[in-house]
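S.K.: Model the following, please.
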Amino acid sequence: MHIQPLRYSPSVSPQKNVSNAEFAQVNNATQTSTPVSTDTITLSRDAKQLAANAQKPAEMPALRDNIETLVELKHAKMKYQVIADMTNIATGTSQGISAPTAYYLSHNEDARAMTVNHLAQQQQVNTMQIYAETSKNINEWV
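M.R.: I've put the predicted structure just below:
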């Protein structure tokens, strides 16, 4: 649809007042216009049968049970991930934590405090080991 800019047109004058009767004639003419072409569509027997079957509501109890099972599975998986991350932190083999563990630690003050203390102790142990190795190498050179 293209809209033309407003310009002076000889057939329509901006100063001309249109009476209600003239407006009604124009309005009725636009409303009663018939479409230019009509097309007919025929549906096959199979299409009608598919349309009838598609309108029937689907049975959902099995899906509801599957959703509950999926939620339980996801919950168990997140719980396992938290336990695995906490075990890795405790043994010193942690390469980082997962999103469920971060959420758990952000909502559990005691676990967060213990984790921070344990990581600080591991960092001190690592620093002491590096110092001992460096000192050993220096003493061997002397």
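
S.K.: Could you use CA atoms for every contact and neighbour count after this?
M.R.: Noted.

S.K.: helices or strands up against the helix of greatest length in the chain?
M.R.: In the chain, with assignment by DSSP state H, the single longest helix is helix 109-141. With contacts defined as 3 or more CA pairs under 8 Å, 6 or more residues apart in numbering; DSSP states H and E, the secondary structure elements packing on helix 109-141 are helix 61-91, helix 99-106.

S.K.: In the first one, which residues have enough neighbours to count as buried?
M.R.: Under the neighbour-count criterion of 16 or more other CA atoms under 10 Å, helix 61-91 has 78, 81, 82, 84, 85, 86, 89 buried.

S.K.: same check, this time on the shortest one
M.R.: Within helix 99-106, the residues that count as buried by 16+ other CA under 10 Å are 100, 101, 104, 105.

S.K.: State the distance from the third one to residue 140.
M.R.: Applying CA to CA, to the nearest Å, one obtains 48 Å for the distance of residue 104 from residue 140.

S.K.: mean pLDDT for the helices and strands packed on helix 109-141: which is lowest?
M.R.: Mean pLDDT per stretch puts helix 61-91 lowest among the helices and strands packed on helix 109-141, at a mean of 87.

S.K.: what packs against it?
M.R.: Under the contact criterion of 3+ CA pairs under 8 Å, 6+ apart, helix 61-91 touches helix 99-106, helix 109-141.

S.K.: That one to helix 109-141, inter-axis angle?
M.R.: Per axes from the mean of the first three to the mean of the last three CA atoms, to 10 degrees, the angle that helix 61-91 makes with helix 109-141 is 40 degrees.

S.K.: Right, I'll leave it there.
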